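J.: Provided below for reference: sequence and predicted model.
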Amino acid sequence: MIGEQAKKVAAHVDSARQWQLLMDVATYGARQDGGVDRPALSDHDVAARNHLVDWARARGLAVYQDDAANLFIRLEGRNPDLPPLLMGSHLDSQPTGGKFDGAYGVIAACEVLAAMQDAGIHPERPVEAVSWTNEEGSRFLPGATGSSAFAGSRDLADMRARQTVDGCHVGEEIDKVIAATRASRRPLAGAGAFAHLEAHIEQGPILEREKTRIGIVEGIQGVMRLRITIDGEAAHAGTTPHALRKDAVVAMAKVITALDPLTREAEDVLRLTFGRIEVQPNVPNTVPESAILTIDLRHPSAAEIERVYALIEEAAVRHAAPCSARVERISKVDPVSFPEHVLAAIQASAAALGEPARRMVSGAGHDSLHLARICPTGMVFVPCERGISHNPLEAASLDDLATGTRVLAATAMTILDSGKV
């Protein structure tokens, strides 16, 4: 069961108002094909941030930003010294992104604040909508820069020292964005976090296929990124017999062919992706002397990720012969599980609003993965058309988005009313 205030706030969610703000934000970095290209810390990113700043101030809400350029829109609580309930996602997109990935979660959080105001709710503690910096990682790595810095899982100074793909210094870009964003400064993680909620399109086909409008995310699977380097020997393409070649590309093909069936499973939970291939010298008349292959490995179990990593390491060395192979870890993020009482609050909210819901694990990473390490966290998924995401064709309906926001609003009020999580 949920309280009357939770139902009241959910009833004040305005689907047209939310859609309009979402479409307004989509104009910043709009592509001609209907998609969005809004890299983190770009001019388009700044423009989208300032649009929300103006929207917030027009409603009498305070706006802050921290040292990681995370943007916070604050509905003040009766006790402003209490850590706030945070809700949010990110505004940056992939270069060939859509209107909804990330941005929906930020706009949904803003709409919840507006619905609380319209419902006359004055919460005990502050409630903040957040746009976390550089979740996508398309312009610079690591992704989830802002949320991981806020949570303390990565060092901001280290991330500031890196370069963007377009040759800029990350620290300088962060400083430029902070200077250009019309929001007050506060220290990184200065307000803390009571809990964190995130609404997001599913980025998969399950909810649409099952005609279910609410996904209750139980957790986010872990991800390990690997680099396999295969060293062969450059040789003339026309004069070197096959029996004498150490062809790095042929060796790489054998490794991929061996790994693909080895990592398949009946449950189809494990995700193994061969994402990037680099070949040297990469000319048509020379046997390749080296090949570099990156692997994206994901699973809800940290132990299973380690097991598959060991399998990859052994198989790469064995199948690359007569070339040599070495496997390196580029990065690893452990999976997280969200607490049952937060899941139950989402479930109760959906049920009270007459919306069937199903539990699921997120295959994609999100800012909530980092927030979950410092505070109780939950995520609400809504369907997206054909499960398409990171694509200009990304689409979600006004009604589905509004339903997700109503569940988000009711969940936020349920957590606030409990006084503890």
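T.: All right, it came through fine.
J.: in the protein, which residue is closest to the centre?
T.: residue 366 (2.9 Å; C-alpha atoms, centre = their mean).
J.: So it lies in a helix, does it not?
T.: No: Residue 366 is assigned coil when assessed by DSSP: H, G, I helix; E, B strand; the rest coil, not a helix.
J.: my read: it touches residue 198, true?
T.: Yes: contact criterion C-beta atoms under 8 Å: residue 366 and residue 198 qualify, at 6.2 Å. (Glycine included, C-beta is placed from N, CA and C.)
J.: Overlap in contacts, these two.
T.: Listed contacts common to residue 366 and residue 198 are 89, 379; contacts here mean C-beta atoms under 8 Å, 6 or more residues apart in numbering.
J.: ok, back up a step: contacts only, for the residue nearest to the centre of the chain.
T.: Per C-beta under 8 Å, 6+ apart, neighbours of residue 366: 89, 135, 144, 198, 200, 220, 379.
J.: any idea which of the residues you listed has the most stuff around it?
T.: residue 198 (32 neighbours; other C-beta atoms under 10 Å).
J.: Pretty sure residue 90 is one of the things it touches, is it not?
T.: No: Residue 198 lies out of contact with residue 90 (C-beta under 8 Å); the separation is 9.6 Å.
J.: Give the residues shared as contacts by the two.
T.: 105, 367.
J.: Return the residues in contact with residue 147.
T.: Residue 147 neighbours (C-beta under 8 Å, 6+ apart): 70, 132, 133, 135, 367, 368, 369, 370, 371.
J.: Give me the phi and psi angles of the last one.
T.: Translated: residue 371. phi -60, psi -30 (degrees, to the nearest 10).
J.: Now the buried members of the contacts of residue 147.
T.: 70, 132, 133, 135, 367, 368, 369, 370, 371 (16 or more other C-beta atoms under 10 Å).
J.: outside of stretch 8-20, which residues touch it?
T.: 107-108, 111-112, 114-116, 118-119, 121, 349, 353, 398-399, 401-402, 405-407, 409-410, 412-413.
J.: Start and end of it, how far apart?
T.: 22 Å (C-alpha to C-alpha, to the nearest Å).
J.: can you tell me the average pLDDT over that stretch?
T.: For stretch 8-20, mean pLDDT is 98.
J.: Return the distance of that stretch from the chain's centre.
T.: Taking the mean of its C-alpha atoms, stretch 8-20 sits 24 Å from the chain's own mean (C-alpha atoms, centre = their mean, to the nearest Å).
J.: Just the buried positions in the helix or strand hosting residue 292, please.
T.: Residue 292 belongs to strand 290-299 when assigned by DSSP states H and E. The neighbour-count check on strand 290-299 (16+ other C-beta under 10 Å) flags 290, 291, 292, 293, 295, 297, 298, 299 as buried.
J.: can I see the domain layout of the chain?
T.: Domain assignment for the chain, taken from automatic domain parsing, gives 4-220+336-418, 222-333.
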